[in-house]
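Participant: structure for the following, please:
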Amino acid sequence: MDTTYNATGNAYYSHGTPAERWERAQLFFEARDYAAAARVLGGLVEEVPEQTAPRLLLARAYYHSAQLRRAEAELRIIVERDPVEHYARLMLGRTLERQGHTEEARSHLRIASALAGDRGDD
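Facilitator: Numbers count the residues shown, from 1 in each chain. Have a look, this model is predicted:
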């Protein structure tokens, strides 16, 4: 077991102020290093659980790194707190689709579409 590496790795991802970690997470995300972004954001979300932006970016990082259950869990928290959060609804629908939960996905995608002002013929 290499606990030294884990401790060092975790210290790197949790180092700095919340603002510095937010910036670092965004850089990782933009570089498509979604797993690293999720490591940084996980701690940040624990520290500031009431903030939507870090949680939404964490969900996106999970989604893009195929951690769909984790993405779904974060998105459900956002939607529960803010039922009209359009992008979280959209992402939840897409996440559910990727997991094969088609009917539930459709419901969230319809709500997202309505919130965005789209007029579909579904």
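
Participant: going forward, measure contacts between C-alpha atoms and count neighbours the same way
Facilitator: Noted.

Participant: quick check, distance from the host helix or strand of W22 to the centre of its chain.
Facilitator: W22 belongs to helix 18-30 when assigned by DSSP states H and E. How far helix 18-30 lies from its chain's middle: 13 Å, per CA atoms, centre = their mean, to the nearest Å.

Participant: can you give me the buried ones in that helix?
Facilitator: 18, 21-22, 24-26, 28-29 (16 or more other CA atoms under 10 Å).

Participant: spatially central, which residue of the protein would that be?
Facilitator: A59 (1.1 Å; CA atoms, centre = their mean).

Participant: ok, and the closest non-adjacent residue to that one?
Facilitator: Nearest residue to A59, sequence neighbours excluded (CA to CA, 6 or more residues apart in numbering): A71, at 4.3 Å.

Participant: hmm, back to that, which other helices and strands contact the following helix or strand past the helix holding W22?
Facilitator: Going down the chain from helix 18-30, the next helix or strand is helix 34-47, by DSSP H and E. Under the contact criterion of 3 or more CA pairs under 8 Å, 6 or more residues apart in numbering; DSSP states H and E, helix 34-47 touches helix 3-14, helix 18-30, helix 52-64.
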